[in-house]
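Asker: next one to model:
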Amino acid sequence: MTEPADHILLLAGTREARLLAKKLVETFPDVRITASFAGAVDNLPNLGVPTRVGGFGGVAGLTDYLVNEKVTLLVDATHPFAAQMSGNAVFAARSLNLPLIRLERPAWTPESGDLWQSVVSLGEAADALPAQARAFLAIGRKDLHRFTHRTDIFALARMIEPPELPLPGHWQLVLGRPPLSASEEIALFRKHRITHVVAKNSGGRRSHAKIEAARQLGLPVIMVDRPKLAETELATSVEDALRKINLEIASDF
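Answerer: The predicted structure follows:
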């Protein structure tokens with residue numbers, strides 16, 4: 001009897017997920033690969049593999065999907081702050097004794113010249129801003145409401161798509177992805193006379209320019225720590241994930 005083909009479910013949403021999807025197609029042409037997006041933004045990238053969009057319906061819904069679609073390997077390459085999805089993946093995989101690999105890029109760590117204040121939540125970050133601060137908020141549109149009560153500050157908020165709720169009238173909105181160069185961020189901060197930067201510790205190089213810019217300008221950064229996630233096998237790079245996926249697939253034969 002022919003063994004069922006491998007099926008990798010890739011929980012996407014990061015640059016690393018896009019890079020990994022491309023590598024998976026090149027490395028495992030005979031393996032079925034499905035990418036899944038939460039649907040937090042409308043303008044989703046084409047990963048070159050079949051894609052689904054939207055939630056699964058909690059642990060039970062994800063478990064049903066894994067069974068019905070005969071998934072043999074689950075890869076979590078979601079954002080480091082997507083704690084609920086990562087938790088659901090761990091519990092669903094454990095219930096089915098299904099291998100799970102989480103691709104988790106290393107967190108940023110402060111360097112010489114950084115002026116960081118680490119906080120454990122966005123609410124604490126909002127409280128940490130002093131009155132009359134001119135804050136740059138790099139936190140995403142879904143969490144912006146945690147700051148809008150601070151009408152005693154100016155905020156420049158950057159996100160990919162507009163927020164659902166209106167901003168305070170004296171705030172400003174910048175739509176777009178973060179630039180790669182610190183010089184662009186420095187120009188933006190100077191233009192708006194930014195005094196504080198608020199950021200999630202998402203890690204990676206794609207959005208690190210704001211941290212470098214804050215260092216060069218001597219601006220304090222209120223850094224939101226990552227949530228603690230349920231333990232599972234970790235990969236810290238696309239290459240590491242690919243190696244571990246190869247081992248899992250090879251063990252099937």
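
Asker: in terms of helices and strands, where is the nearest residue to residue 57 once chain neighbours are set aside?
Answerer: In space, and not counting its chain neighbours, residue 57 is closest to residue 64: 8.0 Å by CB to CB, 6 or more residues apart in numbering. Just so you know, the C-beta spots here come from the backbone N, C-alpha and C atoms, and that holds for glycine as well. With secondary structure defined by DSSP states H and E, residue 64 is part of helix 58-68.

Asker: run through who's touching that helix.
Answerer: For helix 58-68, the external contacting residues (CB atoms under 8 Å, 6 or more residues apart in numbering) are 9, 55-57, 71, 74, 88-89, 91-93, 95-96, 98.

Asker: same check, this time on stretch 199-207
Answerer: Contacts for stretch 199-207 (CB under 8 Å, 6+ apart): 14-16, 79-81, 105-108, 122, 138-140, 178, 180, 210-211, 221-226.

Asker: with the contacts of helix 58-68 in mind, which one is nearest to residue 149?
Answerer: Within these, distances to residue 149 taken as CB to CB reach their minimum at residue 55, with 28.2 Å.

Asker: do you know how far the nearest residue to residue 148 once chain neighbours are set aside is from residue 159?
Answerer: Distances taken as CB to CB, 6+ apart put residue 168 closest to residue 148, at 6.1 Å, once the chain neighbours are dropped. Look at residue 168 and residue 159: by CB to CB, to the nearest Å, they are 15 Å apart.

Asker: these two - which one has more neighbours?
Answerer: Looking at residue 168 and residue 159 with other CB atoms under 10 Å, you find the greater number of neighbours at residue 159, namely 20 against 15.

Asker: show me what that one bridges to in the sheet.
Answerer: Listed beta-bridge partners, residue 159: residue 175 (assigned using DSSP bridges).

Asker: hmm, it is touching residue 136, no?
Answerer: No. Applying CB atoms under 8 Å, one finds residue 159 not in contact with residue 136, separated by 12.0 Å.

Asker: before we move on, back to that, can you tell me the element the residue nearest to residue 148 falls in?
Answerer: Secondary-structure element containing residue 168, defined by DSSP H and E: none, the residue being outside all helices and strands.

Asker: tell me the pLDDT of it.
Answerer: Predicted confidence (pLDDT) for residue 168: 93.

Asker: show me the contacts for it.
Answerer: The neighbours of residue 168, taking CB under 8 Å, 6+ apart as the test, are 148, 151, 155.

Asker: next: residue 120.
Answerer: The neighbourhood of residue 120, defined by CB under 8 Å, 6+ apart, consists of 224-225.

Asker: same question for residue 143.
Answerer: With CB under 8 Å, 6+ apart as the criterion, the residues that contact residue 143 are residue 122.

Asker: and it, which of the three is it?
Answerer: For residue 143, the secondary-structure state derived from DSSP: H, G, I helix; E, B strand; the rest coil is helix.

Asker: quick one: it from residue 123, how far?
Answerer: Shown here: residue 143 relative to residue 123, a distance of 10 Å by CB to CB.

Asker: quick one, domains of this protein?
Answerer: According to automatic domain parsing, the chain comprises the domains 7-106+228-250, 115-224.

Asker: for the longest one, what is the average pLDDT?
Answerer: By that I understand domain 7-106+228-250. The model assigns domain 7-106+228-250 a mean pLDDT of 93.
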